[in-house]
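Visitor: fold the following for me, if possible:
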Amino acid sequence: MGMRVSGRLHALFETRQVTERFQKREFVLALEDNPQYPQYVLFELSGKRLDALDGFAVGDAVEVEFNLRGREWTGRNGEVKYFNSLDVWSIEPVGGKPRPRDEPPPRDPQAPFADDDVPF
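Guide: Numbering: from 1, shown residues only. A predicted model of the protein is given here:
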């Protein structure tokens, strides 16, 4: 089941080694359909898509294409639990391309000079 959603990157996490053969990287997207009550949703990347977040930063507006996944797990005591995950297929900037990670955000020409800026 493929779905798309837009929002702002709220948090980015490092890649985690889950098992010997499985890694994942998670991030939080702030969904601001109702700005008074934003929703913070956890998404995950895995496999060949782990580097899809490279070039993005917290605060960037993005559109995410993902699949809704669910699974059942039975514990040793017989208790059954259910887990959901939002498995990301693609992440794209809204309104332009992402800036490289090492590049600072563009400076507002109307902003006052910083202490180390020379005004001429």
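Visitor: how much space separates the spatially closest residue to residue 46 that is not a sequence neighbour from residue 54?
Guide: Closest residue in space to residue 46, ignoring its immediate chain neighbours: residue 24 at 4.6 Å, by C-beta to C-beta, 6 or more residues apart in numbering. Where C-beta positions appear, they are placed from N, C-alpha and C, glycine not excepted. Separation of residue 24 from residue 54 (C-beta to C-beta, to the nearest Å) stands at 15 Å.
Visitor: just to revisit the earlier point, assign a three-state SS to the residue nearest to residue 46, would you?
Guide: strand (DSSP: H, G, I helix; E, B strand; the rest coil).
Visitor: residue 62 too?
Guide: Residue 62 ends up strand, using three-state DSSP.
Visitor: name the element residue 68 belongs to?
Guide: Using DSSP states H and E, residue 68 sits within strand 61-74.
Visitor: the bottom helix or strand of this protein by mean pLDDT?
Guide: strand 16-19 (a mean of 90; mean pLDDT, DSSP states H and E).
Visitor: kindly export that one (C-alpha atoms) in CSV.
Guide: Extracted in CSV, the C-alpha atoms of strand 16-19 (Å, rounded to 0.1, in the frame of the first residue of the first chain):
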residue,chain,number,x,y,z
ARG,A,16,21.4,1.5,13.4
GLN,A,17,22.5,-2.1,13.0
VAL,A,18,19.4,-4.1,14.1
THR,A,19,20.6,-7.6,13.2
